[in-house]
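Colleague: My questions concern the predicted model and sequence given below.
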Amino acid sequence: MKVSLNADLGEGLNIESKIMPYLTSCSVACGGHVGDFNSMTEVVHIAKEHKVEIGAHPSYPDKVGFGRKIINISNTDLKKSIINQVNSLKNIINENDCNLNHIKTHGALYNLSSKDYDLAMFMIQIMKENFDDIFFYVPAGTLISELAVKNDLKIKKEVFLDRNYNADNTLVSRYKSNALINSPEIMFNRISNVTSKGFLTAYTGDKIFLDAETYCVHGDSPNVINNLMGLKSYLDEEI
């Protein structure tokens with residue numbers, strides 16, 4: 001089973017060398033919630049070595065809250081911050097003879113734009129005006145994915161493998177005990193269900209009907225390396 005796996009990297013955990021061999025693409029923190037020239041450069045070098053596609057992972061400019069909280073910021077300032085974040089990584093990528101493959105927003109910006117029309121259109125407009133030649137990673141089965149298609153953006157619809165979903169296709173809060181999935185078997189079953197049956201199962205047992213083109217595993221998830229090793233063994237058995 002050929003599966004596109006991605007991870008959010010450059011977030012200070014220093015696991016890039018271990019996780020990169022399992023990935024198809026990676027999204028690199030570029031200064032909004034974390035990340036600087038050195039961390040971005042290191043991830044780009046490792047990704048290039050393993051022939052992994054490189055994307056930007058911009059967020060609300062909020063290092064204190066790690067980009068996981070909605071902050072009070074004007075559209076003008078947010079747009080400037082996002083473009084600066086992406087370009088800071090893009091400059092490093094260009095210097096290393098690589099290409100920027102995609103943009104995937106982080107944390108609160110990712111979650112809110114998935115369901116808020118105004119913020120979704122705000123992000124779509126940024127993509128159309130500045131980055132219309134690259135992919136926009138969006139959560140599968142959400143408002144922003146529908147709007148992005150209607151506005152002719154290049155997108156890849158994403159499903160998380162290591163997070164539980166509510167019945168309304170939102171992620172279970174990280175503050176809840178059942179937020180995370182820590183089982184390669186469950187991860188594999190999620191891929192199999194989405195690929196062959198067109199749905200993922202919420203923690204409530206409800207079916208969420210959608211399709212996906214890439215699957216994310218967070219770099220800061222517990223036992224992420226062991227989970228990826230286990231997932232690879234399941235996927236290899238299906239080839």
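Modeller: Yes, it's here.

Colleague: need the contact list for the residue most central in space within the chain.
Modeller: Centroid check for the chain by Cα atoms, centre = their mean gives residue 104 as the closest residue, at 5.3 Å. Remark: with contacts taken as Cβ atoms under 8 Å, 6 or more residues apart in numbering, residue 104 is in contact with 6, 8, 27, 55-57, 110, 136-137, 158. Quick note: C-beta positions are derived from backbone N, CA and C, even for glycine.

Colleague: Find the residue closest to it in space, skipping its chain neighbours.
Modeller: Among residues not flanking residue 104 along the chain, residue 137 sits closest, at 3.7 Å (Cβ to Cβ, 6 or more residues apart in numbering).

Colleague: Test my guess that that neighbour contacts residue 6.
Modeller: Yes: between residue 137 and residue 6 there is a contact under Cβ atoms under 8 Å: 7.4 Å.

Colleague: Now do the strands in the protein.
Modeller: Here the chain has its strands, by DSSP state E, at 5-9, 25-29, 53-57, 100-103, 135-139, 155-160, 199-201, 207-209, 214-216.

Colleague: Quick one: list the elements packing against the last one.
Modeller: Applying 3 or more Cβ pairs under 8 Å, 6 or more residues apart in numbering; DSSP states H and E, one finds that strand 214-216 contacts strand 5-9, strand 155-160.

Colleague: Would you mind listing the outside residues contacting it?
Modeller: Outside strand 214-216, the residues that reach it (Cβ under 8 Å, 6+ apart) are 3-8, 24-25, 137, 156-162, 190-191.

Colleague: And the third one, by the same measure?
Modeller: Around strand 53-57, the neighbours that count as contacts under Cβ under 8 Å, 6+ apart are 6, 8-10, 24-30, 35, 43-44, 47-48, 85-86, 89-90, 93, 98-106, 134-135, 137.

Colleague: swap in the longest one?
Modeller: Residues lying outside strand 155-160 but in contact with it, judged by Cβ under 8 Å, 6+ apart, are 4, 6, 102, 104, 135-141, 145, 148-149, 171, 190, 194, 200, 210-218.

Colleague: got it, and the fifth one?
Modeller: Strand 135-139 has contacts (Cβ under 8 Å, 6+ apart) with 6, 27, 55, 101-104, 110, 114, 123-124, 127, 144-145, 148, 153-159, 169, 214.

Colleague: Repeat that for the second one.
Modeller: Outside strand 25-29, the residues that touch it by Cβ under 8 Å, 6+ apart are 4-11, 16, 20, 35, 39-40, 43-44, 47, 52-57, 59, 89, 101-102, 104, 106, 137, 214.

Colleague: who touches residue 221 in this structure?
Modeller: Counting by Cβ under 8 Å, 6+ apart, residue 221 touches 162, 180, 182, 227.

Colleague: Just the buried residues out of those, in PyMOL syntax.
Modeller: Only the buried members of these end up in this PyMOL selection, burial being decided by 16 or more other Cβ atoms under 10 Å:
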select buried, resi 162+180+227
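
Colleague: Distance to residue 77 and pLDDT added to the contacts of residue 221, as JSON lines?
Modeller: Supplementary listing: the contacts of residue 221 in JSON lines, determined by distance: Cβ to Cβ, whole Å; pLDDT from 0 to 100:
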{"residue": "162", "distance to residue 77": "32", "pLDDT": "96"}
{"residue": "180", "distance to residue 77": "33", "pLDDT": "95"}
{"residue": "182", "distance to residue 77": "38", "pLDDT": "94"}
{"residue": "227", "distance to residue 77": "38", "pLDDT": "94"}
